[in-house]
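1. Just to be clear, the model below is a prediction. Sequence and coordinates:
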Amino acid sequence: MLKRTPLHDWHVAHGARMVEFAGWEMPVQYTSVVEEHNAVRTAVGLFDVSHMGEIRVRGRGALPLLQHLVTNDVSRLSPARALYTPMCREDGGTLDDLLIYHLGEDDYLAVVNAANTERDLAWFRAHAEGAGDVDVLDETDRWALFAVQGPRAEEVLQPLVEADLKRLRYYHCIPGTSLAGVSGAIVARTGYTGEDGFECYLPAGAVHEAWEAVWGRVQALNGRLCGLGARDTLRLEAALPLYGHELTETINPLEARLGAFVKLEKGPFIGREALAAAKAEGPRRRLCGLRLLERGIPRAGYAVHRASAGGPDGSWEAEPCGYVTSGTFAPYLHQPIALALVGGGAAPGERMAVDIRGRLVPAEVVPLPFYKRGAAAPGS
């Protein structure tokens with residue numbers, strides 16, 4: 001049986017199209033993906049993302065355990081801050097990518113991908129054995145999580161919280177606050193859309209009151225309810241990785257352009273030796289951005305070819321060099337785009353081609369991200 005978030009019935013009552021995702025029944029869209037996507041780019045959108053997993057790590061051994069498990073340097077976190085980090089196997093392959101919030105002394109909350117929650121929890125607990133004073137708690141059912149994303153996100157939340165949100169910097173949070181009168185909330189300036197915004201963690205049993213209050217503010221500011229469809233197209237325009245696509249157990253963080261989150265200098269951690277060797281050698285393949293030059297939708301798994309000079313008639317040849325990890329027609333950019341893992345890397349301006357159902361569609365390597373916050377839509 002599929003799991004349901006505390007807001008499931010609310011979504012159904014408000015016309016959401018529900019689909020299976022990572023073992024959960026989730027809203028994929030309410031009106032259209034394009035409308036929801038563009039609302040986040042121009043105003044604000046509200047997402048239920050309560051399917052994400054939450055693992056609480058507490059005790060004097062919490063920091064050493066997390067330092068051992070992840071590639072980023074958790075010791076840099078002061079209370080009320082967060083960081084993004086991959087988590088790897090010994091061979092450098094990626095087990096997951098997650099956020100870690102430092103809630104207080106010896107108290108951390110790791111937020112993991114829904115599809116990986118059970119595996120990650122077992123991984124945490126296996127490595128916590130013999131690690132001293134540390135508790136690893138599954139708090140997934142304790143929390144509801146929603147995201148308020150877009151240039152008007154601060155306007156939505158500010159009347160509903162006591163803290164001055166203008167002073168809350170990116171990747172900082174307010175633990176143990178109240179939101180719309182609901183106590184015990186965590187309000188974080190984080191997100192997965194490429195826009196300014198907040199992720200709000202609330203006790204699962206009390207989320208409805210806060211959600212209704214936030215939804216009222218979103219409506220007043222011309223925002224929309226948003227589903228997983230828009231969440232995916234938004235993160236792709238912003239070139240943010242999705243586990244199972246840009247990151248897998250066979251793709252390491254260096255190949256996925258996440259070297260900035262691999263802190264070899266911090267000391268031993270799982271996968272360090274393999275990642276150090278990969279960095280010294282240089283990645284044999286690397287994620288790049290593609291913009292199709294003709295019509296077509298580049299789907300995940302489609303082969304990518306490297307184009308070479310052709311004959312005097314303008315023809316060209318191509319040889320396989322990789323594959324699309326994620327692709328779509330970008331709603332805000334009005335063009336087909338893709339992230340692709342290609343051998344030997346690729347430089348902006350280089351010509352490629354994507355095999356779409358047997359047709360080689362020309363593409364150009366472009367800088368990442370495809371979209372940067374505040375950029376005007378093409379043709380506007």
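-> Nice, I can see it.

2. all helices of the stretch 51-200 of the chain, in order?
-> 62-69, 117-128, 153-157 (DSSP state H, counting those that start in this stretch).

3. Of those, which stretch is the most buried?
-> helix 153-157 (a mean of 23; mean count of other Cβ atoms under 10 Å). In short, each C-beta sits where N, CA and C put it, glycine included.

4. residues in contact with the helix ranked longest in the chain?
-> Longest helix in the chain, counting residues (DSSP state H): helix 207-220. Outside of helix 207-220, the residues within contact range by Cβ atoms under 8 Å, 6 or more residues apart in numbering are 6-7, 10, 44-46, 48, 50, 144, 146, 148, 155-157, 159-160, 179-182, 185, 200, 202, 224-225.

5. can you pull the buried residues of the very next helix or strand once past it?
-> If you walk from helix 207-220 toward the C-terminus, the next helix or strand you reach (DSSP states H and E) is strand 224-226. The neighbour-count check on strand 224-226 (16 or more other Cβ atoms under 10 Å) flags 224, 225, 226 as buried.

6. One more: stretch 260-268?
-> 261, 262, 263, 266.

7. what helices or strands is the host helix or strand of residue 353 leaning on?
-> Assigned by DSSP H and E, residue 353 belongs to strand 351-356. Packing contacts for strand 351-356, counted by 3 or more Cβ pairs under 8 Å, 6 or more residues apart in numbering; DSSP states H and E, involve strand 285-292, strand 303-308, strand 317-330, strand 335-343, strand 359-366.

8. burial measure for residue 161, as a count.
-> Look at residue 161: counted by other Cβ atoms under 10 Å, it has 18 neighbours.

9. Now do stretch 259-271: distance from first to last residue.
-> For stretch 259-271, the separation between the terminal residues is 13 Å (Cα to Cα, to the nearest Å).

10. List of residues touching that stretch?
-> Here stretch 259-271 has contacts from 67-73, 75, 84-93, 127, 252-254, 272, 275-276, 279, using Cβ under 8 Å, 6+ apart.

11. rerun that using 7 Å as the cut-off
-> Identification of contacts with stretch 259-271 by Cβ atoms under 7 Å, 6 or more residues apart in numbering yields 67-73, 84-86, 88-90, 92, 253-254, 272, 275-276.

12. Next: stretch 365-379.
-> So stretch 365-379 is in contact with 194-196, 237-239, 288-291, 330, 332-334, 337, 346-350, 352, going by Cβ under 7 Å, 6+ apart.

13. try it again with 6 Å
-> The list of residues contacting stretch 365-379 from outside it, by Cβ atoms under 6 Å, 6 or more residues apart in numbering, reads 194-195, 237-239, 288-289, 291, 332, 334, 337, 346, 348, 350.

14. So what's the residue count around residue 281?
-> Should you count by other Cβ under 10 Å, residue 281 turns out to have 9 residues around it.

15. which residues sit in contact with it?
-> Here residue 281 is in contact with no residue (Cβ under 6 Å, 6+ apart).

16. what's the distance between it and residue 72?
-> 22 Å (Cβ to Cβ, to the nearest Å).

17. With residue 80 instead?
-> 17 Å.

18. More neighbours: which of these two?
-> Counted by other Cβ under 10 Å, residue 80 and residue 72 do not tie: residue 72 has more neighbours, with 25 against 18.

19. okay but the more buried one is in contact with residue 84, surely?
-> No. At 7.0 Å, residue 72 does not count as touching residue 84 under the criterion of Cβ atoms under 6 Å.

20. what do these two both touch?
-> With Cβ under 6 Å, 6+ apart as the test, residue 72 and residue 84 reach no residue in common.
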